[in-house]
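K.L.:
Predicted model, plus sequence, below.
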Amino acid sequence: MNAFRLSGFDYDRALNTVGAWALALVWFAPLIYAFWTAFHPGEYSTRFELTAPLTLENFVAAWNAAPFARYFLNTVLLVTSILIGQFVLCTLAAFAFARFEFRGRDAVFVLVLLQLLVMPDILIVENYRTMRFLGLLDTILAIGLPYMASAFGIFLLRQTFKTIPKELDDAARVEGAGFMTILLKVYVPLAKPTYLAYGLVSVSHHWNNFLWPLIVTNSVETRPVTVGLSVFSSTDQGIDWAIITAATLMTSGPLLIAFLLFQRQFVQSFMRAGIK
Amino acid sequence: MHFTKKLGIGAVAAAMSLSMAGAAQAVDLQFYFPVAVGGKAADTIEALTKEYAAAHPDVKIDAVYAGSYQNTITKALTAVKGGQAPQLSVILAVDMFTLIEEDAIVPFDDLIKTDADKEWLKAFYPAFMENSQTGGKTYGIPFQRSTPVMYWNKDAFKKAGLDPNTPPATWEELVEFGKKLTVKDASGKVTQWGVRIPSSGFPYWLFQGLSTQNDVILANSDGNKTNFADPKVIEALQYLVDLSAKHEVMAPGIIEWGATPKAFFEGESAIMWTTTGNLTNVRANAPFEFGVAMLPANKRRGAPTGGGNFYIFKDSTDEQKAASLDFIKWISAPTQAAKWSIATGYVAPRPDAWETPEMKAYVADFPPALVARDQLQYAVAELSTYQNQRITTIFNDGLEAAITGKMSPEEAMNDAQQKADKILKDYR
């Protein structure tokens, strides 16, 4: 709308707008295809006809192909327990790294950062051994435990805590607040955007995680939705796009809806937390 | 410290009480299975294990769905290394050498005692056993096995002026029919291709059909030598490349495997090569009359086998191994094999399964189901070697390079052979 100015054409702005729209369309195209295919009968999955009949049958078929109700419950339990674990552990660790002086602090922090460089897939066997030792195989806790002490979370929160003015900290101390009170009353509230952004990244990552949950669990009672989704990737039989897109929309639906609802907060918190 | 110690002791105590309970009462078996043919197959396997458990109250089988074939071997090997191996699992037949190298499985020869058991090993089609035996020992029992076949659209044949009941029987006929079946619109764009031989993901499998028909074997049965640079292999690859490059009867470039049945249903291609595991799917969804035939012949007929075998894992008690063997014997018996074959489209792996009343009724109603079985007499072992993942990846890359025209078939195959030799020389 504002691309035209009295003084002439604003190329910069126009290019930005066109670029943004083009990228958005590229990102959005698979989703549009998924919507089209999921709501139409199988014959229309590779053809576009405006008058094609709408149907919900694909969703019914997908829902019935695996115990999805239970899987959804498991996934929700999983991502919440991971998120709580991460918030507690990362907050405490980040606070220590940001505000306490102790022997070997930097060395320990480097060790934590090293964890970022290790691909989680390499650790599968070692993690499996640990879970077996703890007697946790085939539990939801076993899926989440290896991710709770997140190096990324510690790093991110430490950086955020470091930007909080020391004066606020001192003021609280003068008022007689202990460390925990300072952490909970000063640092945590000021780091809210970081928590929100990190929480979103964490939830969407663990919502979509597949291989580790598949390996460490065996029963319907513990497995997340991604394992349910995998029954549709039947390579020997060819792929039924209608059902697979319906199942994909169904399993990613809660995340999509949550994102649309909280879109503004998410985008803002990403800007403030500096994750891009 | 104190806490972890307690936890550790608790875990050990729990593990001990579990294993003692197991010894005192029933034998516990954990059984991993992959699913590669759609959701219903998982239900069939679970129903079969329940049926077995009902007849054998002293055995408890926990059937665990383990994802795709790739996921299943990852899960199984992780569990083996983590000290919690399953007792038995269905895993790709071609992963036999990998499992042997990881020291994860035991040969069936160590478990069978009676003459009747020895006879049982001979009950399966020899083509399937080729992928189950090495060094004179049997490591796998065929279960969900397949082989590629050719499907053709009878309506498209009629429209092209061909006899709808005669599929191409030779390489020349495939080209000749393909030319008649390739339809272009006014602007010269192809609306229907003659042939579709998918090449995405694992092109080696269908290509092995062509190489076998050209009378050459891709790897020896010891799994330590490949023949990729054999002139006959190069000739077969040249034929595959020519189908699109020279004869223009097949779409150029890499052709998607997963989308192949759909393209066949939509009339984008008049002939497709794909697994017999697709039979039930094609039967349910093809909106026209279709036929199923063996792959065409060149110097001889030929096709690879494919699919999964039963394996028994090493890290179990003798009781568990004996119980696993008994379960495998039961589920691979004619009646169960027939049930499984009818439910999925996989080829029942033994001749007597085809003599059961259920199977007879099924093939009388649907004769195309017999094609895969009849092709077995010409079938060979699927490409399988030590370091199987790496060798097939090298070979697939070579095939893709030739199909996309980045290299000539000769260059691509010589290159693949060199790379494979480098890896396999340690195993000779």
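P.N.:
That came through, no problem. Residues are numbered from 1 along each chain as shown, chains lettered A, B, ... in the order given.

K.L.:
So which residues of the stretch 1-150 of chain A form helices?
P.N.:
Listed in chain order, the helices found in the stretch 1-150 of chain A under DSSP state H, counting those that start in this stretch are A:11-38, A:57-65, A:68-99, A:105-117, A:124-133, A:140-148.

K.L.:
what does the stretch 51-200 of chain B give?
P.N.:
With helices called from DSSP H, counting those that start in this stretch, the stretch 51-200 of chain B shows them at B:69-81, B:96-101, B:115-121, B:126-129, B:154-159, B:171-181.

K.L.:
Dump these to CSV, plus mean neighbour count, distance to chain A and mean pLDDT.
P.N.:
No exception for glycine: its C-beta is placed from N, CA and C like everyone else's. Converted to CSV, these look like this (neighbours: other Cβ atoms under 10 Å in any protein chain shown; distance: least, Cβ to the nearest Cβ, whole Å; pLDDT from 0 to 100):
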stretch, mean neighbour count, distance to chain A, mean pLDDT
helix B:69-81, 22, 5, 92
helix B:96-101, 20, 15, 94
helix B:115-121, 12, 26, 90
helix B:126-129, 20, 16, 93
helix B:154-159, 18, 16, 96
helix B:171-181, 19, 20, 96
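
K.L.:
Redo the ones you listed as CSV? Include distance to B:Asp58.
P.N.:
Compiled in CSV, those are given as follows (distance: least, Cβ to Cβ, whole Å):
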stretch, distance to B:Asp58
helix B:69-81, 24
helix B:96-101, 28
helix B:115-121, 20
helix B:126-129, 31
helix B:154-159, 53
helix B:171-181, 55
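
K.L.:
out of those helices, nearest to B:Glu319?
P.N.:
The minimum distance between B:Glu319 and the helices of the stretch 51-200 of chain B falls on helix B:115-121, with 16.8 Å, by Cβ to Cβ.

K.L.:
Please name every helix or strand in contact with the closest one.
P.N.:
helix B:318-331 (3 or more Cβ pairs under 8 Å, 6 or more residues apart in numbering or on different chains; DSSP states H and E).

K.L.:
let's see 7 Å
P.N.:
Packed against helix B:115-121, as judged by 3 or more Cβ pairs under 7 Å, 6 or more residues apart in numbering or on different chains; DSSP states H and E, are no other helices or strands.

K.L.:
mind checking how far that helix is from the chain centre?
P.N.:
How far helix B:115-121 lies from its chain's middle: 25 Å, per Cα atoms, centre = their mean, to the nearest Å.

K.L.:
closest one to A:Ser150 among the helices of the stretch 51-200 of chain B?
P.N.:
helix B:69-81 (22.2 Å).

K.L.:
Next, the angle from that closest one to helix A:124-133.
P.N.:
Here helix B:69-81 runs at an angle of 50 degrees relative to helix A:124-133 (axes from the mean of the first three to the mean of the last three Cα atoms, to 10 degrees).

K.L.:
Run through who's touching helix B:69-81.
P.N.:
The contact list for helix B:69-81, computed with Cβ atoms under 7 Å, 6 or more residues apart in numbering or on different chains, reads A:124-125, A:128, A:214-215, B:32, B:34, B:36, B:66, B:85-86, B:89, B:91-92, B:95, B:102, B:104, B:308, B:313, B:315.

K.L.:
shaky segments in chain A?
P.N.:
The model of chain A has pLDDT under 70 over residues A:1-8, A:46, A:233-239, A:273-276.

K.L.:
ok, B:Val241 - contacts?
P.N.:
B:Ala402, B:Ile403, B:Pro409.

K.L.:
wait, which of those is closest to chain A?
P.N.:
For the contacts of B:Val241, the closest approach to chain A (Cβ to the nearest Cβ) belongs to B:Ile403, at 19.3 Å.

K.L.:
so B:Val371 makes contact with B:Leu295?
P.N.:
No - B:Val371 lies out of contact with B:Leu295 (Cβ atoms under 7 Å); the separation is 10.0 Å.

K.L.:
Just the ones in helices from the contacts of B:Val241, please.
P.N.:
B:Ala402, B:Ile403, B:Pro409 (DSSP state H).

K.L.:
distance of the residue nearest to the second one when sequence neighbours are not counted from B:Met250?
P.N.:
Right, B:Ile403. Once flanking residues are discounted, B:Ile403 sits nearest to B:Ser199: 5.4 Å by Cβ to Cβ, 6 or more residues apart in numbering or on different chains. Per Cβ to Cβ, to the nearest Å, B:Ser199 is found 10 Å from B:Met250.

K.L.:
same check, this time on A:His205
P.N.:
For A:His205, the distance to B:Met250 (Cβ to Cβ) stands at 41 Å.

K.L.:
More neighbours: the two, which one.
P.N.:
Legend: neighbour count by other Cβ atoms under 10 Å in any protein chain shown for A:His205 and B:Met250, higher for B:Met250 (26 against 14).

K.L.:
A:Asn16: how many residues sit nearby?
P.N.:
12.

K.L.:
same question, A:Ala34
P.N.:
A:Ala34 has 17 neighbours, counted by other Cβ under 10 Å.

K.L.:
For it, which residues are in contact?
P.N.:
A:Thr245, A:Thr248, A:Leu249.

K.L.:
ok, the nearest residue to B:Tyr65 once chain neighbours are set aside to A:Thr139 distance?
P.N.:
In space, and not counting its chain neighbours, B:Tyr65 is closest to B:Ala42: 5.4 Å by Cβ to Cβ, 6+ apart. Noted for B:Ala42: a distance of 22 Å to A:Thr139, by Cβ to Cβ.

K.L.:
Then B:Ala53?
P.N.:
Look at B:Ala53 and A:Thr139: by Cβ to Cβ, they are 24 Å apart.

K.L.:
now B:Thr78
P.N.:
16 Å.

K.L.:
Kindly report the same for A:Ala66.
P.N.:
20 Å.

K.L.:
In terms of neighbours, single out the busier of the two.
P.N.:
The neighbour comparison of A:Ala66 against A:Thr139 (other Cβ under 10 Å) goes to A:Ala66, with 22 against 17.

K.L.:
wait, the more buried one sits on A:Val227?
P.N.:
No - using Cβ under 7 Å, A:Ala66 is not in contact with A:Val227, being 8.1 Å away.

K.L.:
isn't A:Ile244 right up against A:Phe232?
P.N.:
Yes - contact criterion Cβ under 7 Å: A:Ile244 and A:Phe232 qualify, at 4.5 Å.

K.L.:
Looking only at neighbour counts, state which of B:Val371 and B:Leu295 leads.
P.N.:
Taking neighbours as other Cβ under 10 Å, B:Val371 and B:Leu295 compare with B:Leu295 leading, 29 against 20.

K.L.:
A helix includes the more buried one, no?
P.N.:
No - according to DSSP: H, G, I helix; E, B strand; the rest coil, B:Leu295 belongs to no helix; its state is coil.

K.L.:
Just give the nearest non-adjacent residue to it, would you?
P.N.:
In space, B:Leu295 is closest to B:Gly209, 4.8 Å off (Cβ to Cβ, 6+ apart).

K.L.:
In contact with the one you found, which residues are there?
P.N.:
B:Pro148, B:Trp273, B:Leu295, B:Gly302, B:Ala303, B:Pro304.

K.L.:
three-state assignment of it?
P.N.:
From three-state DSSP, the assignment for B:Gly209 is helix.

K.L.:
Tell me how far it lies from chain A.
P.N.:
Distance from B:Gly209 to chain A, counting by Cβ to the nearest Cβ, to the nearest Å: 16 Å.

K.L.:
With B:Ala270 instead?
P.N.:
17 Å.

K.L.:
Any idea how many residues pack against that residue?
P.N.:
28.

K.L.:
Going by neighbour count, list what's buried in the strand or helix carrying it.
P.N.:
Taking DSSP states H and E as the criterion, B:Ala270 maps to strand B:269-275. Using 16 or more other Cβ atoms under 10 Å in any protein chain shown as the test for burial, strand B:269-275 gives B:Ser269, B:Ala270, B:Ile271, B:Met272, B:Trp273, B:Thr274, B:Thr275.

K.L.:
Show me which of these is closest to A:Ala94.
P.N.:
Of the buried residues of strand B:269-275, the one sitting nearest to A:Ala94 (Cβ to Cβ) turns out to be B:Thr275, at 52.8 Å.
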